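Trainee: Sequence first, then the predicted structure, then my questions.
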Amino acid sequence: MRNIFNIFLLISIVCISTQNVYAQKNSSTQKKEIVLPKVKTFLGDYENNSAVNKEEGAYLITLPLRIVDDKGKEYPIDGYQFLYKKKGKLENEETGKEQTIYTTPSARFTQTPLPKVWIDNIQLNLQSGEELYFFDVLVKDSKGNIFFAPNLKITIQ
């Protein structure tokens, strides 16, 4: 009798352990592949790695960042980071000579265009050799999926 019980127990364990192998997958538990649109990032009519003069840069910084697909559809921005590569001068204490240095004020934003205080400071100080850099741009599609849009860097000539 004990031998029959052991055989029954062994068969039960094998059946239970293989149950998941032969179970059908429920369609609701299968991952659905999300197809994200191919988009470009614009500031005015300018794309990544554009170069503009100071006057155009001062105007561009007042405009909203735009994310557009190849069919012209615009996507709402969920957030982004902005970095201003700002040129400055520093006197070398040892040589007494002036040196060019760069500082990089940056912050994360959820609204576009940039806040007025940022726009005013950039317009007041904008110089040749500086950069306006929008990165980690998060965008929402019509289904609420959030994805990254390409970065945008504009160099001031």
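Mentor: Yep, that arrived. No experiment lies behind these values; they were computed from the predicted model shown. Residues are numbered from 1 along each chain as shown.
Trainee: Leu114 - how many residues pack around it?
Mentor: 23 (other C-beta atoms under 10 Å). Every C-beta, even on glycine, is put in place using the N, C-alpha and C of the backbone.
Trainee: can you check Thr62 too?
Mentor: Counted with other C-beta under 10 Å, Thr62 comes out at 15.
Trainee: And the one 4 residues further on, by the same measure?
Mentor: For Arg66, the count of nearby residues is 18 (other C-beta under 10 Å).
Trainee: try Ile156
Mentor: 22.
Trainee: mind listing what the spatially most central residue of the chain touches?
Mentor: Per C-alpha atoms, centre = their mean, the C-alpha nearest to the average position across the chain is that of Asp136, at 2.2 Å. Contact analysis of Asp136 by C-beta atoms under 8 Å, 6 or more residues apart in numbering lists 79-81, 108, 148, 151.
Trainee: Kindly report the same for Ser128.
Mentor: Contacts of Ser128 (C-beta under 8 Å, 6+ apart): 54, 87, 156-157.
Trainee: Which strands and helices lie in contact with the strand ranked longest in the chain?
Mentor: Ordering each strand of the chain by length in residues (DSSP state E) puts strand 77-91 first. Packing partners of strand 77-91 (3 or more C-beta pairs under 8 Å, 6 or more residues apart in numbering; DSSP states H and E): strand 65-69, strand 98-103, strand 106-109, helix 116-125, strand 131-140.
Trainee: and the angle from the last one to helix 116-125?
Mentor: Comparing the axes of strand 131-140 and helix 116-125 via axes from the mean of the first three to the mean of the last three C-alpha atoms, to 10 degrees yields an angle of 150 degrees.
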